[in-house]
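K.L.:
With the input below, show me the fold.
(chains A, B and C)
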Amino acid sequence: MIEVSVDLLLLGFMAVISLAIVRMNDLFAVAMLLSLFSLLSAGVFTIMDAADVAFTEAAVGAGISTILMLATLTRMDRRKKSHKTRGITLPLIVVSVTGTLLAFGTSDLPALGDPDAPIHRHVADRYIEQSGTEIGIPNVVTSVLASYRGYDTLGETTVIFTAGVGVLAMLGMRRRRKGSKKDPR
Amino acid sequence: MSILTHYNYEIAIFLAMVGLYVVIAQGNLVKKVTGLTMFQTSVFILYISMGVVQGGSVPILDADTTRYSNPLPHVLILTAIVVGVATTAVALALILRIKEAYGTIEEDEIHEQDESF
Amino acid sequence: MLHHTVLRVIAKLLIPVIMLFALYVQFHGDYSPGGGFQAGVIFSAAIILYALLFGLDTTMDVIGPDVLQLLAAAGVLLYAGVGVAAMLLGGDFLDYNVLAHTPTEGQHLGIFLVELGVGITVASVMLLLYYAFVGREPGQ
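P.N.:
Prediction:
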């Protein structure tokens, strides 16, 4: 009962923040609200027993993503976006139709937390039962990530490296000027 | 279609639709990236909700616990989070260059300068 | 500058602790939530804190971008190298069982090296992204 109410509370906060992001004009405030959104989602992940995911989302979403967005915004001259708004009826129709279709599609999913759902059979059972004897480390997520699905993690590391290469290709790297002492930003 | 057994999915879909609305309807490029990030995060919530097991605990093997939540969605979403921040970084770098090239990050003004409409 | 003094003193106390925590998360990924990604991000957060308070040029003196570009590539190379080493020792690509004298020991060694590679790459790339964004001069 406590878990359900904390879960609903956090998700309710996230819904309010998302609506506030839609209405905000000040980009710095939008960046801060996005950071709060990521932090609350890390709380939701913790309530749903996903400790590794919560850790990563808090570090990456509320940390690095916010820093990068703020670093981008310091290069923008204006803090507010202009007031030219397009018509809102067509986007609202598109969004409502998509949302209804998705809700209709997810209605066939098993109930939340059902231990007999098909997703918990077959592969996940085998990993949980066998990873203790085959690999011998307690954290099942690490053993699946690094050993059973190690090839995907190699691809993921390459994606991070490629993102670094791409950003460096677009933005270049500042050359350190010898002997200059700049004020900290 | 009971709301009480699917509430996580419904709220995740609502958050995703708000993110999609921001991407479609707002003209500022930084807000579009914000909407995309909100969409991504709500999809993560959808996936992790599918892996929850009632009465289960964190998937760290322990002598006392018998039931664990499903570790496979955790692994998938771990990868997705990091890939998401990588694409967000590239998108923000593109926005920086667009700002330097066009002088603005409003989509309408960029289209006017390009005469692409 | 006087109004940065408190921040600088506290940061000088905290940055080693943050780095130590990053190393803890890296090497305890087997026993508790953690692993390469989280550790890399936390380590780069320590350096970014230093850069926020002491200036980008000072930080570039501490860790230059050339070193970081090397480290980013070295992490991916380490990961793929573990896979190729497994192939050279007779197994499949990324088959950790053949890396040591027992399969479990091989798995431990393989996971340790692989997570190290991931942590190195993530830390250097996050720091490179910060350098690229903040070091961009207007009109460059």
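K.L.:
Give me the longest helix you can find in chain C.
P.N.:
Identified as the longest helix of chain C according to DSSP state H is helix C:103-134.
K.L.:
Report the mean confidence score over it.
P.N.:
For helix C:103-134, mean pLDDT is 93.
K.L.:
Over to stretch A:17-30?
P.N.:
For stretch A:17-30, mean pLDDT is 91.
K.L.:
For C:Thr58, what is the enclosing helix or strand?
P.N.:
Using DSSP states H and E, C:Thr58 falls within helix C:56-62.
K.L.:
Report whether whichever helix or strand comes after that helix contacts chain B.
P.N.:
Downstream of helix C:56-62, the next assigned helix or strand under DSSP H and E is helix C:65-88. No - if you take Cβ under 8 Å from any Cβ of the partner chain as the test, helix C:65-88 misses chain B, and the best it gets is 12.3 Å. For glycine as for every other residue, the C-beta is placed from the backbone atoms N, C-alpha and C.
K.L.:
near chain A at all, helix C:65-88?
P.N.:
Yes - if you take Cβ under 8 Å from any Cβ as the test, helix C:65-88 does meet chain A, through C:Pro65, C:Gln69, C:Ala72, C:Ala73, C:Gly75, C:Val76, C:Tyr79, C:Ala80, C:Gly83.
K.L.:
List the contacts of the residue in chain C that chain A sits nearest to.
P.N.:
In chain C, the residue that lies nearest chain A is C:Gly135 (3.4 Å; Cβ to the nearest Cβ). When contacts are counted by Cβ atoms under 8 Å, 6 or more residues apart in numbering or on different chains, C:Gly135 touches A:Met173, A:Arg174, C:Leu56, C:Met60.
K.L.:
C:Leu68 too?
P.N.:
Applying Cβ under 8 Å, 6+ apart, we find C:Leu68 in contact with C:Ser124, C:Leu127, C:Leu128, C:Tyr131.
K.L.:
Need those in CSV (columns: neighbour count).
P.N.:
Converted to CSV, the contacts of C:Leu68 look like this (neighbours: other Cβ atoms under 10 Å in any protein chain shown):
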residue, neighbour count
C:Ser124, 27
C:Leu127, 26
C:Leu128, 24
C:Tyr131, 25
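K.L.:
overlap between those and the residues near chain A?
P.N.:
C:Ser124, C:Leu128, C:Tyr131.
K.L.:
thinking C:Gly29 is in contact with C:Leu23, fair?
P.N.:
No - applying Cβ atoms under 8 Å as the test, C:Gly29 and C:Leu23 come out as separate, 11.1 Å apart.
K.L.:
And those two? Which one has more around it.
P.N.:
For C:Gly29 versus C:Leu23, neighbours defined as other Cβ atoms under 10 Å in any protein chain shown are more numerous around C:Gly29 (27 against 13).
K.L.:
What strand or helix carries residue 54?
P.N.:
Since you didn't name a chain, this refers to chain A. helix A:51-59.
K.L.:
picking that back up, out of the contacts of C:Gly135, the closest to chain B would be?
P.N.:
The nearest one, if we look at these relative to chain B and count by Cβ to the nearest Cβ, is A:Met173, at 12.4 Å.
K.L.:
what's the neighbour count on the residue lying closest to that closest one once chain neighbours are set aside?
P.N.:
Among residues not flanking A:Met173 along the chain, C:Pro65 sits closest, at 4.9 Å (Cβ to Cβ, 6 or more residues apart in numbering or on different chains). Applying other Cβ under 10 Å, we find 19 residues neighbouring C:Pro65.
K.L.:
give the contact list for C:Pro65.
P.N.:
Listed by Cβ under 8 Å, 6+ apart, the contact set of C:Pro65 reads A:Met173, C:Leu128, C:Tyr131.
K.L.:
quick revisit: can you select the buried ones from the contacts of C:Gly135 in ChimeraX?
P.N.:
The following ChimeraX line selects those of the contacts of C:Gly135 that are buried, judged by 16 or more other Cβ atoms under 10 Å in any protein chain shown:
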select /A:173,174 /C:56,60
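K.L.:
Roughly how far does the residue of chain C found nearest chain B sit from A:Gly166?
P.N.:
Nearest residue of chain C to chain B, counting by Cβ to the nearest Cβ: C:Leu129, 5.2 Å away. For C:Leu129, the distance to A:Gly166 equals 10 Å [Cβ to Cβ, to the nearest Å].
K.L.:
more crowded one of the two?
P.N.:
Neighbour count, other Cβ under 10 Å: between C:Leu129 and A:Gly166, C:Leu129 has more, with 28 against 16.
K.L.:
so who does the more buried one touch?
P.N.:
Counting by Cβ under 8 Å, 6+ apart, C:Leu129 touches A:Ile64, A:Leu68, A:Ala163, A:Gly164, A:Val167, B:Ala89.
K.L.:
Name the helix or strand for the third one, please.
P.N.:
It refers to A:Ala163. Going by DSSP H and E, A:Ala163 is part of helix A:150-171.
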